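[1] model this:
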Amino acid sequence: TTAASGGNRESLLGPRPARRKQSAADAGCRNPGSGIAKQCRRGYSLLLLSLYQNPLPISTDFPPFRTLRPQKSDKGRGECGNFAKNFSFSFLPDIIEVVFRTTGKIPVYQQEGILLKRIFTKALCLVCVGALALSLAACGGKADSAASSTASSSALGSASDYDYQNFNYSDGLDEKGYWEGIRALDYVTLPEDFASVAIKRSDVEPTSEEVEEQISDLLNQYSSTEHITDRAAADGDTVNINYVGSVNNVEFTGGSAENYDLTLGSDTFIDGFEDQIIGHKPGETFDVNVTFPDGYSDSTDASGNAVKLSGQKAVFTVVLNYISESVLPELTDSWVADTFGAFGTPNNIYTVEALRAYYQDQLYTSNLNTAVMDYLLENSTFKSIPQQVMDYQVNQCLNYYSTLAGYYGYDLDGLVQNLLGYESTDDMLAHLESSLEDYSKEALLYQAVAESLDITPTQEQLDAYSDYKDTYGQNYCTMVALMDAVTSTLTSGAVVS
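    Numbers count the residues shown, from 1 in each chain. Purely as a prediction, here's the structure:
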């Protein structure tokens, strides 16, 4: 189980964390344009930050999530299939919130300048792609019955065929970060111009609107909060509440929290909870009646006796403390200098003009990175995918969901059925088959380029991931560093006109 902030820290109610104000870093992952997107988009292998392997960081601050509802709303992202075009990050503010609360730090620098401190950059990029498995669900939303019929014929077979519980990130990788025993060029034919891809400047030059969107996201990150107590809560408000839950008049472990921030209409608590807060005023105490979904894990009472929650009606006594409203800072030279100049950034960002120029440059670089990789994915020929690489993708996906299920209070099938809308884990695998194939192709593509140009990561690129070698293994961290080196070489060689 995980926990709510304040009060009884064990919570089984089922909300995810209230949506944090979107930062420029978050937007950088969601939007194809940002200085960190070039790392975040390498999602097929970066996977999860250790926060999803180690329950301690989450258990100190969060009630288990009800469900993440990835939305296919990112600009410029069309139909599902090509990872580079369809990796949706719309849910990342919630996931990155875990890191914010765990570290107690707010991002300030970006890896190449402002916005994220360097230690945070590495964590953020791993988190971004740690969310990969959830982004897969965004491709299709709730499974429809016609597509579900493909489950039995999926080439991936059944989840029970995979040893995903014992998945290790460095298994199957050698000390160079290559797939062990695999020569990628035996499987991939690169286009003749792969080292000098021609790109139209108009395709990668960011618009003024995109720059202003980044600025807006940045201001949201630094907004202050005003507590409102003189009006009723409305849909879309963020409210601060205390709650105590009971089933059959028995309070249960995890059913209570104090000073919890919840955005009404975000659909983060179990069905019906948020709707019943709307219309109440701060200072009021009232009951919220809900029903736990089938498959929800049992809890205990104060004496340690089991309390069944699955399918049970529950009553939560709620105190509405206040409504939160955000106040944005005024964008002035003084604010930029005070916020970023004090850190001595090498970018000399002390004015609004310099800030916009910085974003212009970062967006351009990221768009160029994306355009080059998109071109290679679309113009390379893949003869086949080694079973070893495909199995790796499946195991990492299932391992992610299995770990996540524990934080939700479900087993794997329970999470897949109740939160993701699939009939079974096998049904989910069938739906993700095409996406997992694409991630396998991208994995081979990076190695094929490295083989062709004899690319190896620099010591600086290796050091950037050294903090994660105990969790993921040295070979895995070397592979990620190799991806940095390949990306740098390809974008440097691109011909922009």
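[2] so for stretch 187-203, what's the average pLDDT?
    Throughout stretch 187-203, pLDDT has a mean value of 96.
[3] First-to-last residue distance for it?
    Stretch 187-203 has an end-to-end distance of 30 Å (Cα to Cα, to the nearest Å).
[4] Any buried residues in that stretch, and which?
    187, 188, 190, 194, 197, 199 (16 or more other Cβ atoms under 10 Å). Backbone N, C-alpha and C define where each C-beta goes, glycine included.
[5] For the second one, which residues are in contact?
    With contacts defined as Cβ atoms under 8 Å, 6 or more residues apart in numbering, residue 188 is in contact with 380, 381, 382, 383, 441, 444, 445, 448.
[6] Shouldn't residue 246 be within a strand?
    Yes - residue state for residue 246 (DSSP: H, G, I helix; E, B strand; the rest coil) corresponds to a strand.
[7] Let's see the pLDDT reported for residue 434.
    90.
[8] Helix, strand or coil: sort out it for me.
    Classification of residue 434 using three-state DSSP returns helix.
[9] Other residues contacting stretch 233-240?
    So stretch 233-240 is contacted by 18, 227, 259-265, 277-282, 320-324 (Cβ under 8 Å, 6+ apart).
[10] how about 7 Å then?
    18, 259-265, 277-280, 320-324 (Cβ atoms under 7 Å, 6 or more residues apart in numbering).
[11] One more: stretch 327-334?
    Residues from elsewhere that reach stretch 327-334 (Cβ under 7 Å, 6+ apart): 215, 219, 220, 222, 223, 224, 226, 335, 351, 352.
[12] Which of these fall in strands?
    If you go by DSSP state E, these have 224, 226 in strands.
[13] would you list the contacts of stretch 327-334 in JSON lines and tack on distance to residue 182, neighbour count and pLDDT?
    Formatted as JSON lines, those follow (distance: Cβ to Cβ, whole Å; neighbours: other Cβ atoms under 10 Å; pLDDT from 0 to 100):
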{"residue": "215", "distance to residue 182": "45", "neighbour count": "16", "pLDDT": "92"}
{"residue": "219", "distance to residue 182": "47", "neighbour count": "17", "pLDDT": "92"}
{"residue": "220", "distance to residue 182": "44", "neighbour count": "18", "pLDDT": "88"}
{"residue": "222", "distance to residue 182": "47", "neighbour count": "14", "pLDDT": "89"}
{"residue": "223", "distance to residue 182": "49", "neighbour count": "13", "pLDDT": "90"}
{"residue": "224", "distance to residue 182": "53", "neighbour count": "9", "pLDDT": "91"}
{"residue": "226", "distance to residue 182": "57", "neighbour count": "11", "pLDDT": "94"}
{"residue": "335", "distance to residue 182": "52", "neighbour count": "15", "pLDDT": "92"}
{"residue": "351", "distance to residue 182": "51", "neighbour count": "15", "pLDDT": "92"}
{"residue": "352", "distance to residue 182": "50", "neighbour count": "16", "pLDDT": "93"}
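[14] For the contacts of stretch 327-334, work out which two are farthest apart.
    The distance between the two most remote of these (Cβ to Cβ) is 28.2 Å, for 226 and 351.
[15] Now the phi/psi pair for residue 239, please.
    phi -110, psi 150 (degrees, to the nearest 10).
[16] That one and residue 291, how far apart?
    Per Cβ to Cβ, to the nearest Å, residue 239 is found 22 Å from residue 291.
[17] Residue 368: neighbour count?
    Per other Cβ atoms under 10 Å, the neighbour tally for residue 368 reads 22.
[18] What of the one 10 residues further on?
    Around residue 378 there are 11 other residues, counting by other Cβ under 10 Å.
[19] For it, give its distance to residue 414.
    38 Å.
[20] Residue 239 and residue 291 - which one has more neighbours?
    Comparing residue 239 with residue 291 by other Cβ under 10 Å, the one with more neighbours is residue 239, at 24 against 14.
[21] Dig out what the more buried one forms beta bridges with.
    Beta-bridge partners of residue 239, counted by DSSP bridges, are residue 262, residue 323.
[22] What is the least confident helix or strand in this structure?
    Here the helix or strand of the chain ranked lowest by mean pLDDT, DSSP states H and E is helix 55-59, holding a mean of 25.
[23] which outside residues touch the strand or helix carrying residue 475?
    Take DSSP states H and E as the rule and residue 475 turns out to sit in helix 474-493. Helix 474-493 is contacted by residues 38, 42, 45-46, 169-170, 173-177, 195-196, 368-369, 372, 446, 449-450, 453, 455-458, 461-462, 464-466, 468-469 when judged by Cβ under 7 Å, 6+ apart.
[24] try 8 Å this time
    Residues contacting helix 474-493 (Cβ under 8 Å, 6+ apart): 38-39, 42, 45-46, 169-170, 173-178, 194-197, 365, 368-369, 372-373, 376, 446-447, 449-450, 453, 455-458, 461-462, 464-466, 468-469.
[25] hey, where'd the helices end up in the stretch 251-400 of the chain?
    Ranges of helices in the stretch 251-400 of the chain, per DSSP state H, counting those that start in this stretch, are 333-340, 352-379, 387-408.
[26] could I get those helices as CSV with distance to residue 205?
    Output for the helices of the stretch 251-400 of the chain, formatted as CSV (distance: least, Cβ to Cβ, whole Å):
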stretch, distance to residue 205
helix 333-340, 23
helix 352-379, 6
helix 387-408, 34
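[27] among these, which is nearest residue 421?
    Ranking those by proximity to residue 421 (Cβ to Cβ) places helix 387-408 first, at 13.2 Å.
[28] next one: phi and psi at the closest residue to residue 437 other than its chain neighbours?
    In this structure, residue 437 finds its nearest non-sequential neighbour in residue 385, 6.4 Å apart by Cβ to Cβ, 6 or more residues apart in numbering. Main-chain dihedrals, residue 385, degrees, to the nearest 10: phi -120, psi 120.
[29] for residue 451, same thing?
    According to degrees, to the nearest 10, residue 451 has phi -70, psi -40.
[30] Distance-wise, check it relative to residue 188.
    In terms of Cβ to Cβ, residue 451 sits 9 Å off from residue 188.
[31] what do you get for residue 300?
    With the distance defined as Cβ to Cβ, residue 300 ends up 54 Å from residue 188.
[32] just residue 369 next, same as before
    As judged by Cβ to Cβ, residue 369 and residue 188 stand 19 Å apart.
[33] With residue 261 instead?
    Distance from residue 261 to residue 188, by Cβ to Cβ: 48 Å.
[34] and if you look at residue 472?
    Residue 472 is 25 Å from residue 188, by Cβ to Cβ.
[35] again with residue 202
    Residue 202 is 29 Å from residue 188, by Cβ to Cβ.
[36] can you pull the pLDDT of the residue nearest to residue 324 when sequence neighbours are not counted?
    Closest residue to residue 324 apart from its sequence neighbours, by Cβ to Cβ, 6+ apart: residue 238 at 4.4 Å. What the model reports for residue 238 is a pLDDT of 94.
[37] now do the one 5 residues further on
    You'll see residue 243 listed with a pLDDT of 94.
[38] ok, it - contacts?
    Contacts were defined as Cβ under 8 Å, 6+ apart; by that measure residue 243 touches 13, 255, 256, 257, 260, 288, 316, 317, 318, 319.
[39] thought residue 336 was touching residue 353?
    No - Residue 336 is beyond contact range of residue 353, at 9.1 Å (criterion: Cβ atoms under 8 Å).
[40] Mind checking which of the two has more residues around it?
    residue 336 (22 against 11).
[41] Please give me every residue in contact with the closest residue to the more buried one other than its chain neighbours.
    Nearest non-adjacent residue to residue 336, counting by Cβ to Cβ, 6+ apart: residue 355, 5.3 Å away. Residue 355 sits next to 114, 215, 218, 336, 340, 349 when contact means Cβ under 8 Å, 6+ apart.
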